[in-house]
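Trainee: Following is a predicted model, sequence given first.
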Amino acid sequence: MQKKQKQLENKDDESLLSHLEALRTTVIHCLVSMCVVLPFALYLSPKLLIFLTKILSEKNNITLNYFSPMEVFIIQLKLALLISLIVASPYIAKKIWDFLLPALYDNEKKFIKRVVILSILFDSIKHTKKGFIELGVNTIVKYGVCRLHCPDFH
């Protein structure tokens, strides 16, 4: 019993350097996870960029211009970094949570878990509702249901 209490006291008295070491390890793990996904994202980014520009140019009847060959490459690189961040975000969130967890009290842990679960739930409901509304508006516009009553949609 005394041994456990002594270990808990030692755990509470960890130095600043040990906390910085844990933070460094967490950041390195997060960066490595992004680097693992990055080659796949670099492969997908030109295709995704073409897909997004087609959608943008068809809907708005515009053309996109670039003034330097490097602009396209930099946009593809930024898109690949964004893709790798999105794909690796569950692992990154878990690592950050594991880093912060020992510093929180039990009531704080419960509160944060509730807030995260509720925010994910409400956010998914919001986006689902928005998706259904956009689908309905696009259907109305596409099939001309609103031609008599909504002249702004033509």
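Mentor: Yes, it's here. Residues are numbered from 1 along each chain as shown.
Trainee: Low-confidence bits of this structure, can you list those?
Mentor: For the chain, the stretches flagged by pLDDT under 70 are 1-13, 127, 129-154.
Trainee: Domains in it, by residue range?
Mentor: 1-103, 105-154 (automatic domain parsing).
Trainee: can you map out the helices along the protein?
Mentor: Per DSSP state H, the chain carries helices over the ranges 2-12, 16-60, 69-100, 106-143.
Trainee: who does the longest one touch, helix- and strand-wise?
Mentor: What it means is helix 16-60. helix 69-100 (3 or more CB pairs under 8 Å, 6 or more residues apart in numbering; DSSP states H and E). Using the backbone N, CA and C atoms, a C-beta is placed for each residue, glycine as well.
Trainee: just checking, what packs against the helix it packs on?
Mentor: helix 16-60.
Trainee: Export the helices of the chain to TSV and append columns for mean neighbour count.
Mentor: TSV is the format used below for those (neighbours: other CB atoms under 10 Å):
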stretch	mean neighbour count
helix 2-12	9
helix 16-60	13
helix 69-100	15
helix 106-143	11
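Trainee: can you give me how far stretch 19-27 is from the chain middle?
Mentor: Stretch 19-27 sits 22 Å away from the centroid of its parent chain (CA atoms, centre = their mean, to the nearest Å).
Trainee: then that stretch to PDB, C-alphas only?
Mentor: Written as PDB, here are the backbone C-alpha positions of stretch 19-27 (Å, rounded to 0.1, in the frame of the first residue of the first chain):
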ATOM      1  CA  HIS A  19       6.400  16.800 -19.300                       C
ATOM      2  CA  LEU A  20       8.300  18.400 -22.200                       C
ATOM      3  CA  GLU A  21       9.600  15.000 -23.200                       C
ATOM      4  CA  ALA A  22       6.000  13.600 -23.200                       C
ATOM      5  CA  LEU A  23       4.900  16.500 -25.300                       C
ATOM      6  CA  ARG A  24       7.800  16.100 -27.700                       C
ATOM      7  CA  THR A  25       6.900  12.400 -28.100                       C
ATOM      8  CA  THR A  26       3.300  13.200 -28.700                       C
ATOM      9  CA  VAL A  27       4.100  15.800 -31.400                       C
END
